[in-house]
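> test case, fold it:
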Amino acid sequence: MEKITITKPPLGSPIRRTYTFRVKRYDPEKRSYYWREYKVELTNHETVLDGLLKIKWNQDATLSFRYSCRMGICGSCGMIINGVPRLACETKPYDLGTEVITVEPLSNFEPIKDLAADFSNFFEKHISVKPWLIRKDETEQFEKLDTYYPQTEDQLSDYLEFAYCIKCGLCYSACPMVFLNKDYLGPQALAQAYRWSADSRDEGAVLRLKIVDSENGVWSCHYSGTCSKVCPKDVDPALAINLLKNWLLSGKRRR
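Reported below is the predicted structural model:
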């Protein structure tokens, strides 16, 4: 693969280059994958998502992929770009330093069509860890509208990093244990189990720990760390899983 020398463009002068997008597509009728190549001209400011949209608008309207916000917030446009799970809206071909951009659907997800993956199982696992505040007094939680739960900055810092998750599925795609064990909850769900259990306002930690204390929970994690490396929001799922293990082994979390 030919490497491109990246030069800093003059201020206000975009650099235009023609890239070859090599896209792995999925045909749901034939239940098979195939490759297609497209030539796309992009500036150094444009992203892989911009390239895919140009392909769809100008070359091949049948190309399917997920996207929404186009600014790294919604998490919809996760794909494997040049072998790494990334957000297409935050990945610039110019920064990759190669003329060939390989785009594939996320691993560990069932394909729908082309680059669009089915997130149903992913979200079922997310919901299974009860990612919401749990209070023992439901009357207090749901009927007293003037009830609030103040936090100190230290209490907020206990879980804030893990609250930045946008459910893009990149960590799930990168996890080798999800590939080996389809029933494994995965790094995203487990990180959220920690996020909500570490919240000082929550009283459901014991309930969640029972859910994650299983062969398909935290004990399937072998700490490869790939989940944390690909997170676009710098969430560290591997750390969250280890903290959950620590709670389980030490018996410290009893709330």
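> which residues of the protein score low on pLDDT?
For the chain, the stretches with pLDDT under 70 are 1-12, 141, 252-255.
> how's it carved up into domains?
Structural domains annotated on the chain: 16-117, 120-250, as defined by automatic domain parsing.
> any chance of a markdown table for those domains, columns mean neighbour count?
For every residue, glycine as well, the C-beta is placed using N, CA and C. Rendered in a markdown table, the data for the domains of the chain read as follows (neighbours: other CB atoms under 10 Å):
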| stretch | mean neighbour count |
| --- | --- |
| domain 16-117 | 17 |
| domain 120-250 | 18 |
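> run through the strands of the stretch 1-150 of the chain in chain order.
With DSSP state E, counting those that start in this stretch as the criterion, the stretch 1-150 of the chain has strands at 16-27, 32-43, 78-81, 84-87, 100-104, 110-113, 116-118.
> and stretch 139-150, how far from the chain's centre?
Between the centre of stretch 139-150 and the centre of its chain there are 32 Å (CA atoms, centre = their mean, to the nearest Å).
> please enumerate residues in contact with it?
By CB atoms under 8 Å, 6 or more residues apart in numbering, the surrounding residues in contact with stretch 139-150 are 133, 135, 200-201.
> can we see that at 10 Å?
The set of residues external to stretch 139-150 that reach it, using CB atoms under 10 Å, 6 or more residues apart in numbering, is 133-135, 137, 155, 199-203.
> which two from the residues you listed end up farthest apart in space?
D137 and Q155 (19.6 Å; CB to CB).
> for the chain, what's the longest helix?
With residue count as the measure and DSSP state H as the assignment, the chain has helix 237-250 as its longest helix.
> quick one: that helix to chain centroid distance?
The chain centroid and the centroid of helix 237-250 are separated by 20 Å under CA atoms, centre = their mean.
> what packs against it?
Using 3 or more CB pairs under 10 Å, 6 or more residues apart in numbering; DSSP states H and E, the elements in contact with helix 237-250 are helix 170-174, helix 187-197, helix 205-212, helix 226-230.
> with distance to Q151 added, can I get those in JSON lines?
Written out in JSON lines, the entries for those read as follows (distance: least, CB to CB, whole Å):
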{"stretch": "helix 170-174", "distance to Q151": "26"}
{"stretch": "helix 187-197", "distance to Q151": "14"}
{"stretch": "helix 205-212", "distance to Q151": "16"}
{"stretch": "helix 226-230", "distance to Q151": "25"}
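> quick one: closest of those helices to F123.
Counting by CB to CB, and looking across all of the helices and strands packed on helix 237-250, nearest comes helix 187-197 at 9.3 Å.
> quick one: the closest one to helix 205-212, angle?
Comparing the axes of helix 187-197 and helix 205-212 via axes from the mean of the first three to the mean of the last three CA atoms, to 10 degrees yields an angle of 160 degrees.
> same for helix 187-197, what does it pack against?
Counting by 3+ CB pairs under 10 Å, 6+ apart, the elements that helix 187-197 packs against turn out to be helix 120-128, helix 170-174, helix 176-180, helix 205-212, helix 226-230, helix 237-250.
> in CSV, list those helices along with distance to Q59.
Converted to CSV, the helices and strands packed on helix 187-197 look like this (distance: least, CB to CB, whole Å):
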stretch, distance to Q59
helix 120-128, 30
helix 170-174, 27
helix 176-180, 33
helix 205-212, 46
helix 226-230, 29
helix 237-250, 37
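> for C77, which of the ones you listed is the nearest?
Among the helices and strands packed on helix 187-197, the nearest to C77 by CB to CB is helix 170-174 (10.4 Å).
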